[in-house]
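Undergrad: Sharing a sequence plus its predicted fold:
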Amino acid sequence: MKFFLPTDGYKDFVNRKGWSTYVLQGVVDDKSCFWNISCKMPGSAHDATVLRQSELFQKAHLLPKGVKNIEGEEV
């Protein structure tokens, strides 16, 4: 997907591979329902920074707690 880079700060969008990108974060549950989608950070942003800046991180206390067994694996 092509997108236009800003003229000021365009280097922020260049990722570690040298491509111009945005970071897309998506979280789905075991029923393939999206809990969160975020696409607002430039490609140079570290994954941990993207998570900390996301609405998902701000609402982490709402996520289900505990262990669940999926096909014999505790997750």
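TA: Received it, and whenever you're ready, just let me know what you need.

Undergrad: residues making contact with the longest strand along the chain?
TA: Counting residues, the longest strand found in the chain (DSSP state E) is strand 34-42. Contacts to strand 34-42, defined as C-beta atoms under 8 Å, 6 or more residues apart in numbering, come from residues 9, 12-13, 21-29, 49-50, 53-56, 63. For the C-beta atoms, the positions are set from N, CA and C on the backbone; glycine is no exception.

Undergrad: These in helices, which ones?
TA: Mapping these onto helices (DSSP state H) picks out 49-50, 53, 55-56.

Undergrad: closest to F4 among the residues you listed?
TA: Of all the ones in helices among the contacts of strand 34-42, F4 sits closest to V50, with 21.0 Å by C-beta to C-beta.

Undergrad: okay, which residue is most central for the protein?
TA: In the chain, the centroid-proximal residue (C-alpha atoms, centre = their mean) is Q25; its distance is 2.0 Å.

Undergrad: Name the nearest residue to it, ignoring sequence neighbours.
TA: Spatial nearest neighbour of Q25, chain neighbours left out: S38 (4.5 Å); criterion: C-beta to C-beta, 6 or more residues apart in numbering.

Undergrad: got the residue ranges for the strands in the protein?
TA: Per DSSP E, the chain carries strands over the ranges 22-28, 34-42, 69-70, 73-74.
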